[in-house]
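Chemist: Need a 3D model of the sequence below.
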Amino acid sequence: MSHRLSDIAAALGARLEGNGDLIVTTAAEPAMAGPDALALAMDPKYAEGLTQGGARAAILWEGADWRAMRLEAGLFVPRPRYAMAGLTRMLDPGPGIAPGIHPSAVIDPTAQIGEGVAIAPFVVIGAGAQIGAGTRIGAQCFIGDGSILGADCLLMPGVRIGARVRIGARFIAGFGSSVGSDGFSFVTPETSKVEAARQTLGATDADTRPQSWTRIHSLGAVEIDADVEMGANSTIDRGTVRATRIGRGTKIDNLVHIGHNATIGEDCLLCGQVGISGSVRVGNRVVLGGQVGVSDNIFVGDDVVAGGSTKIYSNAPAGRMLLGSPAMKMETQIELYKAQRRLPRLFAQVSELQKTVRSLMDALAEQTKR
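Modeler: This next block holds a predicted model:
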């Protein structure tokens, strides 16, 4: 794909200086950029890289002298990282799913396929499923009976969507992701040791006899609103009776697990290896860093931000910045961490004080004997 620099500037709302007729086919880091690449040099620290590479044009920081850098043109944008979103969208060739329906696809006669849908080899679409117009489905995907997929969705190869799942427009699912598996829900005929631990918070050892786990089947579904993305090998379990729900615009990273009956709000960011237990309610615009864990049956309020590896065991108020295990206010956790790092020095000081006190006490005892 090739683009004229003036067209890129217009699409990004950028200020163009220099030759707008230059053609670029890709974007690159400054030191690795060739003559057909647009160098991404949005900070002065990238100036040296521009001299090492062969780019003729670059996105630059405000005030940069593109002529002195021997460039033929420069683009200037008020928010460089946001501009990258538009630029990469223009330059992304996509997954290369051929138009039309591949002859190896297995599609139930009762399924409804919208206009302009692209279906790759070995796709299976179940009875009564509905596929929205312009949707692209990669190789070896599975869409279960009665599921609905909105317009302009993109399923990368190996995606699995269970029965009765409802997904809005412009959904993107990464390689191997799964929507609509059964929830992890089991019960014992009598009170289990897990239940006893919950009731007593581990205060007493439960006296329970051996017994087997019995599955609670998942009768609910999954409902996903428009503009949601989920990364590779992420999973969203169906609800036990009611649906698991994901709000509009939420973005889910790779290897994220969302348990049965969970409700995730709008415009949330769930980073890699986040684990959300069953029946959790997450508000809008919540950001959970990598490896954050959320205990079951609790609420995380709007605009909460939890740093990486935070473990949330109880309700989190709206707007709270959290860190640590158990989760606490971020500034408190940082102070505790600083104090923890000072402990070895503190122990050494206490040891020295103990020696001093012991010496003084020994000297006092000698004086008393005299």
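Chemist: Now do the helices in the stretch 101-250 of the chain.
Modeler: Assigned by DSSP state H, counting those that start in this stretch, the helices in the stretch 101-250 of the chain fall at 193-200.
Chemist: where does it dip in pLDDT?
Modeler: Regions of the stretch 101-250 of the chain meeting the criterion pLDDT under 70 cover residues 204-208.
Chemist: rerun that using 50 as the cut-off
Modeler: In the prediction, the stretch 101-250 of the chain carries no residues with pLDDT under 50.
Chemist: Kindly tell me how buried the nearest residue to Asp302 once chain neighbours are set aside is, as a neighbour count.
Modeler: Here the nearest residue to Asp302 in space, its sequence neighbours aside, is Gly283; by CB to CB, 6 or more residues apart in numbering that works out to 3.7 Å. Heads up, the C-betas are built off the backbone N, CA and C, glycines and all. Applying the criterion other CB atoms under 10 Å, we find 20 residues in the vicinity of Gly283.
Chemist: now swap in Asp227 and tell me
Modeler: Residues within reach of Asp227, counting by other CB under 10 Å, total 18.
Chemist: gap between it and Ile246?
Modeler: Per CB to CB, to the nearest Å, Asp227 is found 11 Å from Ile246.
Chemist: still on that earlier bit, ok, the residue nearest to Asp302 to His217 distance?
Modeler: 29 Å.
Chemist: for the residue nearest to Asp302, what are its contacts?
Modeler: Gly265, Phe299, Val300, Gly301, Asp302, Asp303, Val304, Ala318 (CB atoms under 8 Å, 6 or more residues apart in numbering).
Chemist: Take those and lay them out in JSON lines including pLDDT and neighbour count.
Modeler: JSON lines is the format used below for the contacts of Gly283 (pLDDT from 0 to 100; neighbours: other CB atoms under 10 Å):
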{"residue": "Gly265", "pLDDT": "98", "neighbour count": "22"}
{"residue": "Phe299", "pLDDT": "98", "neighbour count": "17"}
{"residue": "Val300", "pLDDT": "98", "neighbour count": "27"}
{"residue": "Gly301", "pLDDT": "98", "neighbour count": "17"}
{"residue": "Asp302", "pLDDT": "98", "neighbour count": "15"}
{"residue": "Asp303", "pLDDT": "98", "neighbour count": "17"}
{"residue": "Val304", "pLDDT": "98", "neighbour count": "25"}
{"residue": "Ala318", "pLDDT": "98", "neighbour count": "14"}
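Chemist: mind listing which of those are in strands?
Modeler: With strands taken from DSSP state E, the overlap with those comprises Phe299, Val300.
Chemist: okay, the contacts of Gly283 in a markdown table with distance to His3 next?
Modeler: Compiled in a markdown table, the contacts of Gly283 are given as follows (distance: CB to CB, whole Å):
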| residue | distance to His3 |
| --- | --- |
| Gly265 | 36 |
| Phe299 | 46 |
| Val300 | 42 |
| Gly301 | 43 |
| Asp302 | 39 |
| Asp303 | 37 |
| Val304 | 40 |
| Ala318 | 43 |
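Chemist: For Met32, which non-adjacent residue is closest in space?
Modeler: Distances taken as CB to CB, 6+ apart place Gly53 nearest to Met32, at 6.0 Å, with adjacent residues excluded.
Chemist: surely the one you found meets Asp36?
Modeler: No - using CB atoms under 8 Å, Gly53 is not in contact with Asp36, being 11.7 Å away.
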